[in-house]
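Asks: here is my input; please provide its structure:
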Amino acid sequence: MTPDSLFDVGQNIVLITGVSGQLGGEYAKAFLERGARVVGLDVRPSAGSESLAGQYPDNYLFCASDVTAKASLQQALVEIASKFGTPTVLINNAAIDSPPSAPPEENGPFEDYPEASWDKVIDVNLKGVYLCCQVFGAAMAKAGKGSIINVASIYGVVSPDQNLYEYRRQRGETFYKPVAYSASKSGILNLTRYLAVYWAKKNVRVNTLTIAGVFNNQEQAFLDVYCGRIPVGHMANVDDYNGAVLFLASSASRYMTGANLVIDGGWTAI
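Replies: Residues are numbered from 1 along each chain as shown. This is a model prediction of the structure:
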């Protein structure tokens, strides 16, 4: 293997869930720029996804699909196989959380966190990964090759730092980082380990990518406390995780499975 081919992803068929989100579109662009065929999967396309389809008409396919519905994913697999073949890389990126602007009950005390909110977040963030692995991972195992990258979070490794939101409580709001997101991302870690062992002999590698917060025009008060807490002193830029997904998709990580690659600016080192 030559040095140039070690990180080559040009022969891959890369499926990215949650492609219409902030990071999903960045991952898609990174692979397309390097010659890969990319499938973006989401419930609806974004302007960014439509732009990629225009720039890379032969290498990009958008599939409207719901990660919480197995039949929808099975139909997407048929469409993908018809266009490109069996995916060789699956990036389970789709996830939801209660945004800072959510209704008070979403970001209130744990004791009052709505059961319906728990169900919705777990359904997308954990069940969605499970179903995508079941449908697309099984196809990879049948084909005898593949790399699955399950995107998790620092809040699946450590507890959210509720002190970050003290500034909101000081101005009269009741605000706590909710529980469901952390629980869902923690679950991904052992789902990864389970599947890494289960499919090891099928030449399907399964790894977790644990990431920290990404700059997205958050209010300055939040940025001040967040950046004061993180060792490198700033949130991630939107393209800071591209190197990690390219590495995990390429032959450079060929002996790596069941692992958790943490890219967090030092957050979990404290």
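
Asks: pull the distance from the lengthiest helix in the chain to the chain's centre.
Replies: Within the chain, and with DSSP state H defining each element, the longest helix by residue count is helix 179-198. Averaging C-alpha positions (CA atoms, centre = their mean, to the nearest Å) puts helix 179-198 12 Å from its chain's average.

Asks: state the mean pLDDT of that helix.
Replies: pLDDT averaged over helix 179-198 equals 98, rounded to a whole number.

Asks: can you pull the contacts of Pro114?
Replies: With contact taken as CB atoms under 8 Å, 6 or more residues apart in numbering, Pro114 is in contact with 105-106. For glycine as for every other residue, the C-beta is placed from the backbone atoms N, C-alpha and C.

Asks: pull out the buried residues from the longest helix of the chain.
Replies: Residues of helix 179-198 classed as buried: 179-189, 191-193, 195-196 (neighbour count, 16 or more other CB atoms under 10 Å).

Asks: just those now: which is nearest Ile149?
Replies: Thr192 (9.2 Å; CB to CB).

Asks: isn't that closest one up against Asn207?
Replies: Yes - applying CB atoms under 8 Å as the test, Thr192 and Asn207 come out as touching, 6.4 Å apart.

Asks: which neighbours do the two share?
Replies: Shared contacts of Thr192 and Asn207, defined by CB under 8 Å, 6+ apart, comprise 148, 150, 258, 260.

Asks: among these, which pair sits farthest apart?
Replies: For the shared contacts of Thr192 and Asn207, with distances taken as CB to CB, the pair at the greatest spread is Ile148 and Asn260 (13.3 Å).

Asks: who has more neighbours, these two?
Replies: Under the criterion of other CB atoms under 10 Å, the comparison of Ile148 against Asn260 puts Ile148 first, with 28 against 16.

Asks: which element is that one on?
Replies: Ile148 belongs to strand 146-153 when assigned by DSSP states H and E.

Asks: ok, and what's touching that strand?
Replies: Counting by CB under 8 Å, 6+ apart, strand 146-153 makes contact with 23, 87-93, 95, 129, 133, 137, 140, 181-182, 185-186, 188-189, 191-192, 195, 203-212, 245, 248-249, 253, 260, all of which sit outside it.

Asks: for that strand, give the mean pLDDT please.
Replies: 98.

Asks: what number of residues lie near the closest residue in space to Ile230 that isn't next to it in sequence?
Replies: Nearest non-adjacent residue to Ile230, counting by CB to CB, 6 or more residues apart in numbering: Gly265, 4.8 Å away. Gly265 is flanked by 21 other residues according to other CB under 10 Å.

Asks: for Gly265, phi and psi?
Replies: Comment: the main-chain dihedrals of Gly265 come out as phi 60, psi 20, following degrees, to the nearest 10.

Asks: helices or strands up against the helix or strand encompassing Val39?
Replies: Under the criterion of DSSP H and E, Val39 resides in strand 37-42. Packed against strand 37-42 by the contact rule (3 or more CB pairs under 8 Å, 6 or more residues apart in numbering; DSSP states H and E) you find strand 13-17, helix 22-32, helix 47-55, strand 60-64, helix 70-83.

Asks: alpha carbons only: can I get the helix or strand just after the last one in PDB?
Replies: It refers to helix 70-83. Once helix 70-83 ends, the next helix or strand along the chain (criterion: DSSP H and E) is strand 89-92. Taking C-alpha atoms only, strand 89-92 is exported to PDB below (Å, rounded to 0.1, in the frame of the first residue of the first chain):
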ATOM      1  CA  VAL A  89     -19.200   3.300   4.700                       C
ATOM      2  CA  LEU A  90     -22.100   4.200   7.000                       C
ATOM      3  CA  ILE A  91     -21.900   7.300   9.100                       C
ATOM      4  CA  ASN A  92     -24.700   7.300  11.700                       C
END
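
Asks: buried set for stretch 51-69?
Replies: 52, 56, 59-63, 65-68.

Asks: same check, this time on stretch 239-249
Replies: Judged by neighbour count (16+ other CB under 10 Å), stretch 239-249 contains these buried residues: 240-242, 244-249.

Asks: with stretch 158-175 instead?
Replies: Using 16+ other CB under 10 Å as the test for burial, stretch 158-175 gives 160-161, 164-165, 168, 175.
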